[in-house]
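Mind folding the following:
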Amino acid sequence: MADAFVDLRSDTVTRPTPGMREAMATAEVGDDVYGEDPTVNALEADVAALFGHEAALFAPSGSMANQIALQLLVSPGNELLCDADAHVVTYEIGAAAAYGGISSRTWPAVGADIDPEAVAGMIRPDGYFAVPTRAIAVEQTHNRGGGGVIPLATLRELRRIADDAEVALHCDGARIWHAHVADGVPLVEYGQLFDTLSVCLSKGLGAPVGSLVVGSAEKIERARLIRKRMGGGMRQAGILAAAGRYALAHHVDRLAEDHARAGRLAEAVAPFGVLAAAVRTNLVPLDLTKHALDARALAAAARDEGVLISVLGPRTARLVTHLDLDDAGVTHAATVLTRLLAA
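Numbers count the residues shown, from 1 in each chain. Predicted coordinates:
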């Protein structure tokens, strides 16, 4: 499919580059459940250092990494606050409740545009039969918010609010690398603001699998137990970790190319009433509320012409640029989509 189509569905559709495959093939490995895989250990140390934390834990997926982090911060029967479109409550099929016994409450979905004082007003302290708030989660960049980047000033204010209320702050940083490239904020500066982070290697960076939980040494020691309980213990996982190490070394700075290509796509569809003007990273949201085509119809018509896009709702679609998309692919996609939208 990837050879026949311009695939704009997600930045998870990429395939390992030749250099990444070579790194995987030659990786030194051991049994990671015993803590004996040197490549996994090196990846965990590298990522912990990037974010200025003591430790990190390699996990098979971003959903598992998020859920491990939430269980570290929120005990069963207590509460997590996040936005209504957050990945942790939208795309993880109720895992926080099912596995962690965590109650969730959300503020209205506004993507990266967060009102810290509104969040502060939602925090519930311990009290008579109230469900106490134990953590706040934010998403950087924000998936359903069109790849929006939460400003550093907003994150600092949320950190202050969390400290004042004595609650934890978690970052679903699946695409935090894109925020780092877009705003120039050092990863360590992001890391210092959060008690835990989950960071993904297969969204944008081109690795075939894997995310990491980042936090204190004490938290990551507990995280290993939670990972094992959830079935996430892996054996010779250095083959996968080597792909992640290669991605971190070679594929972070190049995200600027994906951002530029997303900008080209946004400019192409903007004249047809599609709201894509605020695109800053690699996600281009298509709001088709005022358009004759709904999202499924647009996706079906685009597919017939060799372009794949994601349908997020009846009138919402998404385009995503990534490592396997070149300028020719962008040009073809722009030509197809503008013709369909103009009809």
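
any weak-confidence spans in the chain?
The chain contains residues with pLDDT under 70 at 1-3.

so what are the domain limits for it?
The chain breaks down by automatic domain parsing into domains covering 6-13+254-342, 31-250.

out of the ones you listed, nearest to residue 19?
Nearest of the domains of the chain to residue 19, taken as C-beta to C-beta: domain 31-250 at 6.3 Å. For the C-beta atoms, the positions are set from N, CA and C on the backbone; glycine is no exception.

chain center to the closest one: distance?
A distance of 9 Å separates the centroid of the chain from that of domain 31-250, by C-alpha atoms, centre = their mean, to the nearest Å.

before we move on, back to that, just send the domains of the chain back as CSV, with distance to residue 23 too.
Converted to CSV, the domains of the chain look like this (distance: least, C-beta to C-beta, whole Å):
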stretch, distance to residue 23
domain 6-13+254-342, 15
domain 31-250, 4
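
To residue 20, which of those lies closest?
domain 31-250 (4.6 Å).

thinking again about what came up before, nearest to residue 22, of the domains of the chain?
For the domains of the chain, proximity to residue 22 was assessed by C-beta to C-beta; domain 31-250 is nearest, at 8.5 Å.

From one end of the closest one to the other, what's the distance?
The first and final residues of domain 31-250 sit 26 Å from each other (C-alpha to C-alpha, to the nearest Å).

before we move on, what about stretch 67-86?
Criterion C-alpha to C-alpha; first-to-last residue distance in stretch 67-86 is 13 Å.

Now do the buried residues in that stretch.
Going by neighbour count (16 or more other C-beta atoms under 10 Å), the buried part of stretch 67-86 is 67-74, 78-83, 85-86.

among those, which are in helices?
Among those, the members found in helices (DSSP state H) are 67, 68, 69, 70, 71, 72, 73.

re the thing from before, let me know the closest of the buried residues of stretch 67-86 to residue 13.
For those, the nearest to residue 13 is residue 85 (22.0 Å; C-beta to C-beta).

what's the neighbour count on residue 263?
Neighbourhood size, residue 263 [other C-beta atoms under 10 Å]: 18.

cool, and residue 19?
12.

For the remainder of this discussion, apply numbering that starts at 328.
Sounds good: first residue 328 from here, last item residue 346.

Quick check: nearest residue in space to it, chain neighbours excluded?
residue 573 (6.3 Å; C-beta to C-beta, 6 or more residues apart in numbering).

that's a helix at that neighbour, yeah?
Yes: residue state for residue 573 (DSSP: H, G, I helix; E, B strand; the rest coil) corresponds to a helix.

For residue 541, which three-state class applies?
Three-state call for residue 541 (three-state DSSP): strand.

In terms of secondary structure, what does the helix or strand containing residue 491 contact?
Using DSSP states H and E, residue 491 maps to helix 479-492. Judged by 3 or more C-beta pairs under 8 Å, 6 or more residues apart in numbering; DSSP states H and E, helix 479-492 is in contact with helix 443-449, strand 460-466, strand 495-500.

most distant residue from the middle of the protein?
Using C-alpha atoms, centre = their mean, the residue of the chain lying farthest from its centre is residue 455. It sits 36.4 Å away.

Let me see the contact set for that residue.
The neighbourhood of residue 455, defined by C-beta atoms under 8 Å, 6 or more residues apart in numbering, contains no residues.

Backbone dihedrals for it, please?
phi -60, psi 100 (degrees, to the nearest 10).

circling back: can I get the helices and strands packed on helix 479-492 in a markdown table including distance to residue 639 and mean neighbour count?
A markdown table is the format used below for the helices and strands packed on helix 479-492 (distance: least, C-beta to C-beta, whole Å; neighbours: other C-beta atoms under 10 Å):
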| stretch | distance to residue 639 | mean neighbour count |
| --- | --- | --- |
| helix 443-449 | 24 | 14 |
| strand 460-466 | 15 | 26 |
| strand 495-500 | 17 | 26 |
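
shouldn't the residue nearest to residue 346 be in contact with residue 350?
Yes: assessed by C-beta atoms under 8 Å, residue 573 is found in contact with residue 350 at 4.3 Å.
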